[in-house]
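1. only geometry, no sequence info:
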Ligand SMILES: NC(=O)C1=CN([C@@H]2O[C@H](COP(=O)(O)OP(=O)(O)OC[C@H]3O[C@@H](n4cnc5c(N)ncnc54)[C@H](OP(=O)(O)O)[C@@H]3O)[C@@H](O)[C@H]2O)C=CC1
Ligand SMILES: CC(=O)N[C@@H](CCC(=O)OP(=O)(O)O)C(=O)O
């Protein structure tokens, strides 16, 4: 079976990672590439390492009125720039939106693929979670569904690689200002807080009113580590056991006895979770690691597309992480 796919935003970090995964996907054939300022360039100009069968595909000016015959469209556009155009894509074309415009929007499934795959199977419109929510929610889900932590009192300390900001952006994402520097940002009102809070509430049935989320920019290219401070009296062993039961048979989640490291996930769709708890202090620490471009973006997007198309969710995603 050949599934015809397109990527809009292909020249960006998220779109480029989707290209890398789709180029090696046994069922997906890339037939459409689109963008804005790069329109008119052959893909090889942007990605010199491409195989010959993809090198000459020319990036089109993004216009949903000129789509070729497609089964799946991956949209990796700046948040705020996708909703109006994607509304004009025919319903026969399945869409995975990697950007933030459709998370918990009406008519769109929230694509938390490792936690609720059955809610994604057969869907035609899926909103990929943000990169921080991907790392955070995979770590929290087993604790929340088993009532091991208080959903109203969760503090997330997150670290991200620079590629999380995309190819554009201002000088604070350039080498001179990011190298040997550590920068908190998005204090109190980061755009990912609503989807994190909504999902905590779905999973726990309680209020996430006390949620705190602070991301930090770290001088590395890829990777996210979240350290999440929660209130609860479970032991470390109980948390690990709950996660192993919750994710039994799930291919992309690794439950680790030791704190995970960002390099464990680099270049993969893996998500690492771990826990450290002290009942005497009413303290549960959950940890999560993903590659922001893997599980945090294109990896989970391909996993969602596999589920939408009725393929095994691991198709094209079996590659090991890059080490070192
Ligand atoms: N980077 C990451 O780790 C993650 C990113 N995301 C989200 O994914 C989306 C893309 O992010 P990212 O790849 O990092 O961003 P980039 O800045 O790297 O890429 C943006 C892409 O969008 C295209 N684009 C911008 N405006 C338009 C337009 N009006 N019409 C058509 N194409 C347009 C650009 O095309 P051109 O170059 O041709 O102008 C480029 O390909 C964002 O919503 C981001 O928040 C989500 C999870 C993780
Ligand atoms: C380092 C950096 O700036 N990271 C981005 C995360 C990218 C992302 O996932 O944002 P969307 O919700 O738009 O998809 C940020 O914190 O906004």
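-> Done, it's in. These numbers come from a predicted model, not from an experiment. Ligands and ions are numbered 1, 2, ... in the order given.

2. For the rest of this, base every contact and every neighbour count on C-alpha atoms.
-> Fine.

3. Mind jotting down where the strands sit in the stretch 51-200 of the chain?
-> 60-61, 72-75, 94-97, 109-110, 125-127, 155-160, 183-184 (DSSP state E, counting those that start in this stretch).

4. between the ones you listed, which gets nearest to residue 245?
-> When the strands of the stretch 51-200 of the chain are compared by Cα to Cα, strand 109-110 sits nearest residue 245, at 22.7 Å.

5. Could you tell me which residues of the stretch 51-200 of the chain lie near ligand 2?
-> 79, 99, 100, 130, 131, 160, 162, 164, 165, 192 (Cα under 6 Å from any ligand atom).

6. which among those end up buried?
-> Buried subset of these (neighbour count, 16 or more other Cα atoms under 10 Å): 99, 100, 130, 131, 160, 162, 164, 192.

7. burial of the residue nearest to the fourth one when sequence neighbours are not counted, as a residue count?
-> Think residue 131. Nearest residue to residue 131, sequence neighbours excluded (Cα to Cα, 6 or more residues apart in numbering): residue 296, at 3.8 Å. Using other Cα atoms under 10 Å, residue 296 has 28 neighbouring residues.

8. All the helices of the stretch 51-200 of the chain, residue numbers only.
-> Assigned by DSSP state H, counting those that start in this stretch, the stretch 51-200 of the chain shows helices spanning 52-55, 83-86, 131-145, 175-178, 193-204.

9. ok, and which of those helices has the densest surroundings?
-> Comparing the helices of the stretch 51-200 of the chain by mean neighbour count (mean count of other Cα atoms under 10 Å), helix 131-145 ranks first with a mean of 25.

10. now the angle between strand 155-160 and that one, please.
-> 150 degrees (axes from the mean of the first three to the mean of the last three Cα atoms, to 10 degrees).

11. helices and strands around helix 131-145, which ones?
-> Packed against helix 131-145 by the contact rule (3 or more Cα pairs under 8 Å, 6 or more residues apart in numbering; DSSP states H and E) you find helix 193-204, strand 224-231, helix 236-246, strand 271-278, strand 283-290.

12. So what sits opposite the closest residue to ligand 2 within the stretch 201-324 of the chain in the bridge?
-> Distances between the stretch 201-324 of the chain and ligand 2 by Cα to the nearest ligand atom are smallest at residue 217, namely 5.8 Å. The partner list for residue 217 in beta bridges (DSSP bridges) reads residue 160, residue 183.

13. who's in contact with it?
-> For residue 217, the residues meeting the contact criterion (Cα atoms under 8 Å, 6 or more residues apart in numbering) are 159, 160, 161, 162, 178, 182, 183, 184, 185.

14. secondary structure class for the residue nearest to residue 131?
-> Judged by DSSP: H, G, I helix; E, B strand; the rest coil, the three-state class of residue 296 is helix.

15. From what I see, it and residue 136 are in contact.
-> No: under the criterion of Cα atoms under 8 Å, residue 296 is not in contact with residue 136, lying 10.3 Å apart.

16. Show me how far stretch 25-38 is from its chain's centre.
-> Distance of stretch 25-38 from the chain centroid (Cα atoms, centre = their mean, to the nearest Å) equals 19 Å.

17. Show the pLDDT at residue 213.
-> With respect to pLDDT, residue 213 has a value of 98.

18. picking that back up, how about the helices of the stretch 51-200 of the chain, which one is nearest residue 9?
-> Nearest of the helices of the stretch 51-200 of the chain to residue 9, taken as Cα to Cα: helix 83-86 at 12.6 Å.

19. what's the average pLDDT for the closest one?
-> Mean pLDDT, helix 83-86: 97.
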